[in-house]
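1. Here's a sequence, model it:
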Amino acid sequence: MTAPSRPPSVDKLARSLTSSGLPHPICVDIARAAIDAGDPDSASRRADDFRRTLLTPVINATGVLLHTNLGRAPLAHHQDAAAQTVEFDLSTGRRGSRQAAVGQLFARLCGAEAAMVVNNNAAAVLLVVAALAEGRDVPVSRGESVEIGGSFRVPEVMEQSGARLVDVGTTNRTRLRDYESAIARPNVDAAMVLKVHPSNYRVEGFVEETSIAELATLDVPVVADIGSGLIDATVPWMKGAPPAWLAGEPAAVQAIADGADLITFSGDKLFGGPQAGIIAGRTDLVERCLQHPLARALRPGGLVLASLQHTALIYLDRQAGTEIPFWKMVGVPLASLEERAAAVVAAVVAVHPSARVERMEALPGAGSAPGVTMPSAGVMIDGDLLDELRRHDTPVIARSRDDRTSLDLRSVDPADDAVVIAALQDAT
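-> A predicted model of the protein is given here:
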């Protein structure tokens, strides 16, 4: 009889995982787990599996430009390891406002008196309602009392803020007189009216809603959650007319011009910046939000502020169409996408004979412009290749339906086409 072989030492096996790029303590945990399972040879696979649980750059070939699961707006931002004036006033040498620098830029962008920033749009809505309506009533159309991603429910936000929701109108039709009747009730103490962007929810057919301009005739402040963060409906940073898919999408400049006292919106959707929530409007109302205790808990850090400042300055310079990745994707001509798709097909057809160029429909995504698409093009291949594409060194995220894999190139940076080709060549 032969003596059973001894398992390798944990330290030796952990050191063999150095090429994974993981810190040594993590490699030790992985090595120990592999040895405990009686399968030391699985350590390398386990290290790779762990690495893929970390935040990892990927190529988005889904055609969903603002993919919530992939971080919404793609954004490149570099900041040197240096101190910055987050709360320091260079003119006085004293402590300054965290909100001043970026707030003034967003006020200018939106045509508002003042603005401030919090960590996302849900936080912006929560802070506004808490600061303006705690203990009081807020009329909201039944058709806008919605739930969007992450179980963000308007009634629950009201409850957490301390305000009382007053249902107005019906699910499909709400008129100005419905708001007037609600505000006039003897038992209603309306602090404001809230108009909510329905995000990825839409009612069609026999419908009617009350515009911001109409709501502005009421005797209470009008707060409009415009959600997606379109700055200007005329899209002045792009050549030609605004894209057709933006029709009806609420925009900051127009909302303020129509009489909204405050607006809130996301920074990482149509604005194309980092995750943030922007509050803009009347100086006195923004100041009440700034002074509320929640403002400190919801404030962003220096990295987000610097990224927002960079993005806002690009807009003010009217360079968003060429400098902000989201708008660059939107502006790519269909013919260019088809040309790129043909090059990808030519490079992979030997491995995938079914590869072909196909017209596709891309989506803005992240609840922006719900129900609309934009023309696109990409590569279609028979068979489901999703697993193989995800296992590539730089994972490629595609879509599969009816046993066919589609890679929409509108959401892919042209510089990444070579990686898409390599991933497809490896996916056999």
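
2. Give the helix, strand or coil label for F265.
-> Assigned by DSSP: H, G, I helix; E, B strand; the rest coil, the conformation of F265 is strand.

3. What sits closest to it if chain neighbours are left out?
-> G229 (4.1 Å; CB to CB, 6 or more residues apart in numbering). Quick note: C-beta positions are derived from backbone N, CA and C, even for glycine.

4. how many neighbours does the one you found have?
-> Counted with other CB atoms under 10 Å, residues neighbouring G229 total 29.

5. In this structure it contacts I278, no?
-> Yes - contact status for G229 versus I278: in contact at 7.3 Å, counting by CB atoms under 8 Å.

6. shared neighbours of these two, anything?
-> Here G229 and I278 share the contacting residues N121, F265, S266, G267, F271, scored by CB atoms under 8 Å, 6 or more residues apart in numbering.

7. Turn those into CSV, including distance to D384 and neighbour count.
-> Converted to CSV, the shared contacts of G229 and I278 look like this (distance: CB to CB, whole Å; neighbours: other CB atoms under 10 Å):
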residue, distance to D384, neighbour count
N121, 35, 28
F265, 38, 30
S266, 33, 29
G267, 35, 31
F271, 35, 27
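
8. and T92, which of the three is it?
-> coil.

9. what does D416 give?
-> Classification of D416 by three-state DSSP places it in helix.

10. so it sits right up against I59, yeah?
-> Yes - using CB under 8 Å, D416 is in contact with I59, at 5.0 Å.

11. Looking at those two, which one has more neighbours?
-> The residue with more neighbours, out of D416 and I59, is I59; 22 against 18, by other CB under 10 Å.

12. Phi, psi for the more buried one please.
-> phi -100, psi 120 (degrees, to the nearest 10).

13. change the start of the numbering to 732 and stick with it
-> Got it, the first residue is 732 from now on, which makes the last one we talked about I790.

14. what does the domain assignment say about this protein?
-> The chain breaks down into these domains under automatic domain parsing: 748-782, 790-805+1063-1157, 819-1057.

15. Would you mind checking the average pLDDT for the shortest one?
-> Average pLDDT, domain 748-782: 95.

16. Stretch 962-974 now?
-> 92.

17. Run through the residues that contact the residue nearest to F996.
-> Applying CB under 8 Å, 6+ apart, one finds that G960 lies in contact with N852, A983, F996, S997, G998, D999, K1000, L1001, F1002, I1009.

18. ok, it to A1078 distance?
-> Relative to A1078, G960 is positioned 37 Å away (CB to CB, to the nearest Å).

19. And for G979?
-> 40 Å.

20. which of those two has more neighbours?
-> Between G979 and A1078, counted using other CB under 10 Å, A1078 has the larger neighbour count: 17 against 10.

21. which stretches of the stretch 732-881 of the chain form helices?
-> For the stretch 732-881 of the chain, the helices defined by DSSP state H, counting those that start in this stretch cover 741-746, 755-767, 774-782, 831-841, 852-864.

22. buried stuff in the first one?
-> Pointing back at helix 741-746 there. Using 16 or more other CB atoms under 10 Å as the test for burial, helix 741-746 gives V741, L744, A745.

23. Enumerate every residue touching the second one.
-> When contacts are counted by CB under 8 Å, 6+ apart, L744 is found next to A762, A765, I766, P771, A774.

24. let's see 10 Å
-> Counting by CB atoms under 10 Å, 6 or more residues apart in numbering, L744 touches P738, C758, V759, I761, A762, R763, A765, I766, P771, D772, A774, S775.

25. Per-residue pLDDT of it, please?
-> So, for L744, pLDDT stands at 96.

26. separation between V1103 and G979?
-> 9 Å.

27. so D992 touches L1016, yeah?
-> Yes - D992 is in contact with L1016 according to CB atoms under 10 Å; the separation is 5.9 Å.

28. overlap in contacts of the two?
-> Shared contacts of D992 and L1016 (CB under 10 Å, 6+ apart): E844, L863, M923, P952, V954.

29. what's the nearest residue to the third one if we skip its chain neighbours?
-> The shortest distance from M923 to any residue that is not its chain neighbour, by CB to CB, 6+ apart, is 4.5 Å, and that residue is P952.

30. got the contact list for the helix or strand containing A986?
-> Using DSSP states H and E, A986 falls within helix 983-988. For helix 983-988, the external contacting residues (CB under 10 Å, 6+ apart) are 837-838, 840-844, 846, 926, 942-944, 953, 955-957, 960-965, 967, 982, 991, 993-996, 1001-1002, 1009, 1011-1013.

31. Drop the exposed ones from those residues and show what's left.
-> 837-838, 840-841, 843, 846, 926, 943, 953, 955-957, 960-964, 982, 991, 993-996, 1001-1002, 1009, 1011-1013.

32. did I read that right, A1093 in a helix?
-> No - counting by three-state DSSP, one finds A1093 to be strand, located in no helix.

33. Counting neighbours, what do you get for it?
-> So A1093, with other CB under 10 Å, has 24 neighbours.

34. Do I have it right that it meets R1130?
-> No - contact criterion CB under 10 Å: A1093 and R1130 do not qualify, at 11.1 Å.

35. Now for the two: what residues contact both?
-> Joint contacts of A1093 and R1130 (CB under 10 Å, 6+ apart) are T793, G794, V795, G1109, D1139.
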